[in-house]
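Asker: Build me a model from this:
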Amino acid sequence: MDSATDAKDQEVLENEIADLEYRLQKAKEQLAKSNNGKTNKPSFSYPSSHLRSASPFSSFLPLSVSSYASTTLPFALAAHRDPTPDTVAELDDALDAAIICAVGRRASVQQGRALLAIWEKSVAAAADPGGTLGSYAEVLRSGTIATAANSSGGSGNGGGSGSGNGDGNGEDREEILPPPASAHLAPLFGAVASLCGLTLRQTAYVFMLSHVKALVSAAVRAGLFGPYQAQRILAGNEVQSLLEEVIAREWETRVEEAGQNVPVMDLWIGRHELLYSRIFNS
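Answerer: Model (predicted):
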């Protein structure tokens, strides 16, 4: 009698275990189906620039560096080799004629004049007691004053009466000539670096690295990536290899052969100031 009861109890337990296993299997199948229907997208929000910023900048950086090196680096190297005022003035005039884009020209002049002001007010007394660039600065200042005088004189002559006899075909008008110096950045940078004791290779590398730093800084301000990513780019092997490549390419390039090798870059720069709203001057 006891053996029959035990057998019946065991059968009941086995049936319960089988039922539990069946229900567990069904629950696992339902869980698997629900997981397959879910997406793997993160639940937090982030700007779309997080996904689209890296690729455009990595494509733009080599083009911009190559363009900047081909147009300006030969002038910086030539000024380093001969930092005399006459040579710097000649290089400045040649670069002014070679720059086609008005926006790029304006930016180069602004940066060059800022460098010259820092040089005169802070560095020249210690690095160049002889005042090598002093005469160049005087030429620049005299040209600026003459240009301003011509502009004011030309505007003042327009207030006369129209009762003249008409035979003055420009005799009372002075010819407005371009300034003798513009103070572009590249020649001044090369001359200042030479007077400060930098080698030619160091000058070329620092000159190009400053351009990369400007691009990275602009990208951070535009929200393409953050400051840590910017430092990672500046310290990366890609930038170092890129700079070494363009320096080697332009090392023996004469200023007569310097020119734009990315023509579309001038179009991009020139169209910038036509934007309705912008966060950069150039």
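
Asker: Residue 134 and residue 61, how far apart?
Answerer: Using CB to CB, to the nearest Å, one obtains 38 Å as the distance from residue 134 to residue 61. Just so you know, the C-beta spots here come from the backbone N, C-alpha and C atoms, and that holds for glycine as well.

Asker: before we move on, what about residue 92?
Answerer: For residue 92, the distance to residue 61 under the criterion CB to CB works out to 28 Å.

Asker: How about residue 181?
Answerer: In this view, residue 181 and residue 61 are 32 Å apart by CB to CB.

Asker: more neighbours, the two?
Answerer: Between residue 181 and residue 61, counted using other CB atoms under 10 Å, residue 181 has the larger neighbour count: 26 against 19.

Asker: Not counting residues beside it along the chain, what's closest to the more buried one?
Answerer: Among residues not flanking residue 181 along the chain, residue 140 sits closest, at 4.4 Å (CB to CB, 6 or more residues apart in numbering).

Asker: count of residues packed around the one you found?
Answerer: 22.

Asker: Work out for me the element it sits within.
Answerer: Residue 140 is part of helix 134-156 when elements are defined by DSSP states H and E.

Asker: Let's test this: mean pLDDT of that helix, rounded?
Answerer: For helix 134-156, the mean per-residue pLDDT is 63.

Asker: right, and the helix or strand after that helix?
Answerer: Helices and strands here follow DSSP H and E; after helix 134-156, the next one along the chain is helix 185-195.

Asker: residue ranges of the helices in this structure, please?
Answerer: Remark: helices assigned in the chain by DSSP state H are 2-37, 49-52, 54-81, 85-98, 102-118, 124-127, 134-156, 185-195, 200-221, 227-235, 237-250, 263-272.

Asker: And those, which one averages the lowest pLDDT?
Answerer: With a mean of 49, helix 49-52 has the lowest mean pLDDT of the helices of the chain.

Asker: May I have the phi/psi pair for the residue nearest to residue 63 when sequence neighbours are not counted?
Answerer: Distance criterion CB to CB, 6+ apart; nearest residue to residue 63, sequence neighbours excluded, is residue 262 at 5.2 Å. Main-chain torsions, residue 262, degrees, to the nearest 10: phi -130, psi 80.

Asker: For residue 262, give me its contacts.
Answerer: Neighbour list for residue 262: 63-64, 66-67, 70 [criterion: CB atoms under 8 Å, 6 or more residues apart in numbering].

Asker: for residue 243, same thing?
Answerer: Listed by CB under 8 Å, 6+ apart, the contact partners of residue 243 are 65, 205, 208-209, 212.

Asker: Could you do residue 22 as well?
Answerer: Applying CB under 8 Å, 6+ apart, no residues contact residue 22.

Asker: Test my guess that residue 211 contacts residue 61.
Answerer: No - judged on CB atoms under 8 Å, residue 211 makes no contact with residue 61 at a distance of 10.0 Å.

Asker: on that earlier part again, looking at the helices of the chain, which one is packed in the most?
Answerer: Stretch with highest mean neighbour count among those: helix 185-195 (a mean of 26; mean count of other CB atoms under 10 Å).

Asker: what helices or strands is it leaning on?
Answerer: In terms of contacts (3 or more CB pairs under 8 Å, 6 or more residues apart in numbering; DSSP states H and E), helix 185-195 is packed against helix 54-81, helix 85-98, helix 102-118, helix 200-221.

Asker: Quick one: closest of those helices to residue 30.
Answerer: For the helices and strands packed on helix 185-195, proximity to residue 30 was assessed by CB to CB; helix 54-81 is nearest, at 40.6 Å.

Asker: Figure out how far that closest one is from the centre of its chain.
Answerer: With CA atoms, centre = their mean, to the nearest Å as the basis, helix 54-81 stands 9 Å off its chain's centre.

Asker: got the angle for that helix vs helix 185-195?
Answerer: Orientation note: helix 54-81 sits at an angle of 60 degrees relative to helix 185-195 (axes from the mean of the first three to the mean of the last three CA atoms, to 10 degrees).

Asker: just to revisit the earlier point, a markdown table please, covering the helices and strands packed on helix 185-195 and showing distance to residue 236.
Answerer: Rendered in a markdown table, the data for the helices and strands packed on helix 185-195 read as follows (distance: least, CB to CB, whole Å):
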| stretch | distance to residue 236 |
| --- | --- |
| helix 54-81 | 11 |
| helix 85-98 | 30 |
| helix 102-118 | 25 |
| helix 200-221 | 10 |
